[in-house]
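**Student:** Any chance you could fold what I've pasted below:
(chains A, B and C)
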Amino acid sequence: MDYEEVEGAREYVARLEHGRDWRGQIEDFADDEGIDAAFFYGLGAVQDATLQFYDQESQEYEDIEFDEPLEVVPAVGNISWLYDERFAHTHVALSRPDGTTVAGHLDTATTFAGELYVREFDTTLEREHDEVTDLDLWGL
Amino acid sequence: MDYEEVEGAREYVARLEHGRDWRGQIEDFADDEGIDAAFFYGLGAVQDATLQFYDQESQEYEDIEFDEPLEVVPAVGNISWLYDERFAHTHVALSRPDGTTVAGHLDTATTFAGELYVREFDTTLEREHDEVTDLDLWGL
Amino acid sequence: MDYEEVEGAREYVARLEHGRDWRGQIEDFADDEGIDAAFFYGLGAVQDATLQFYDQESQEYEDIEFDEPLEVVPAVGNISWLYDERFAHTHVALSRPDGTTVAGHLDTATTFAGELYVREFDTTLEREHDEVTDLDLWGL
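**Tutor:** Sure thing, here's the model as predicted:
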């Protein structure tokens, strides 16, 4: 395991805005506050969601679309630099009225309501291309 | 996104008590320690669970009951004031012997075993009625 | 609820190593850094996984094997002493190309990619046998 000891910096409690994209507003927040490294987790509900599954063979993301209200149980992710933009890498599990669950890498989702805890670290995390997985991973 | 920068305060590692309600004992703990704002996450198992799904159209919670042993994978939530009581807003994903999963907003569940990390913040979070969603959300 | 107030100690951001066991490399990390109490959460993907379900009646773990690529949404767990070894108690929810989800107690899984936040506490957590559940739980 590659790792870096980090110093905790600012901490935030947030309420996601109704009707806006879940991941996009986390990235806007990171830009506004100048957050270059953070982890976050939270809970809530969305009006729809597009998840993605990374095919480990073809090394392509494939979209999975859900056009229905879903609970967010939970959202977990982190903020780091992906080339020239801040990126909120986010995974979510989502549940339906009968409790059945879908999950994956979050692309977009229209927020119904959401609550988040964000912990910033006093460093800069940057993603770079990884040859083995064809993903953009931290160069720790 | 509405947010508040918070200062970290006390931190706790907890073992949930066998046979007691999962959420109720977190709220009792918050009362005993005087915790007015916190986030938590953890894992464990329950003997049964009543989840809830918030119908975004009718704006009512609907119960989903599971009378069976289930793993808790994970529980995430937060502690804040809901009118005159501390409330542990909790979402859980729960799994069966074959790994199939149900998830949602946790109402009640009889704890089999549970392990929790709680991070308190040096503020008071209070919920108030939100007209758009008809939920009680933080006034950040 | 039994609990202990803890002091936060070191914090780490980690990238799990491709091709190695998910849980094993967290335990090796804990050994290398001398971590005696921590909580962690993260996200990623695995090439296969063996989950376990603890049968609350027979009090035995039963294996559930998945020989397929899966997203990790999320992993949550903690590090403590289990008799004479550090143990990373880990629960994961795992998702397939269509978003369907399985979850449970993680035994082994071959990492495809993974990102983790680890928070150490300035204490030592030790597990001991619990007669009621036949599990090894913290003696807080």
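**Student:** What segments of chain A are strands?
**Tutor:** A:2-6, A:8-16, A:38-55, A:60-66, A:70-82, A:85-95, A:101-121, A:126-129, A:136-138 (DSSP state E).
**Student:** Burial-wise, tell me which of those strands comes out on top.
**Tutor:** Of all those, strand A:70-82 carries the top mean neighbour count, a mean of 26, counting by mean count of other CB atoms under 10 Å in any protein chain shown. Where C-beta positions appear, they are placed from N, C-alpha and C, glycine not excepted.
**Student:** That one and chain B in contact?
**Tutor:** Yes. Using CB under 8 Å from any CB of the partner chain, strand A:70-82 reaches chain B at A:71, A:72, A:73, A:74.
**Student:** Now do that strand against strand C:70-82, angle only.
**Tutor:** 90 degrees (axes from the mean of the first three to the mean of the last three CA atoms, to 10 degrees).
**Student:** centroid residue for chain A?
**Tutor:** Centroid-nearest residue in chain A: residue A:90, 1.8 Å away (criterion: CA atoms, centre = their mean).
**Student:** My read is that that residue contacts residue A:80, right?
**Tutor:** No. Judged on CB atoms under 8 Å, residue A:90 makes no contact with residue A:80 at a distance of 11.9 Å.
**Student:** any chance you could read off phi and psi for the residue located most distally from the centre of chain A?
**Tutor:** Relative to the centre of chain A, the most outlying C-alpha is that of residue A:98, 25.2 Å out, by CA atoms, centre = their mean. The phi and psi values for residue A:98, taken as degrees, to the nearest 10, are phi -90, psi 10.
**Student:** contacting residues around it?
**Tutor:** B:53, B:64, B:102 (CB atoms under 8 Å, 6 or more residues apart in numbering or on different chains).
**Student:** For the closest residue to the first one other than its chain neighbours, the count of nearby residues, please.
**Tutor:** Computed as CB to CB, 6 or more residues apart in numbering or on different chains, the closest residue to residue B:53 that is not its neighbour in sequence is residue A:97, at 4.5 Å. By the other CB atoms under 10 Å in any protein chain shown criterion, the neighbourhood of residue A:97 contains 16 residues.
**Student:** Let me see the backbone angles for residue A:97.
**Tutor:** phi -60, psi -30.
**Student:** What distance do you get for it to residue C:91?
**Tutor:** 24 Å (CB to CB, to the nearest Å).
**Student:** Return the residues of chain A in contact with chain B.
**Tutor:** Near chain B, when you scan chain A using CB under 8 Å from any CB, you find A:8, A:10-18, A:20, A:25-26, A:28-29, A:41-43, A:45, A:47, A:69, A:71-74, A:93-101, A:112-113, A:115-118.
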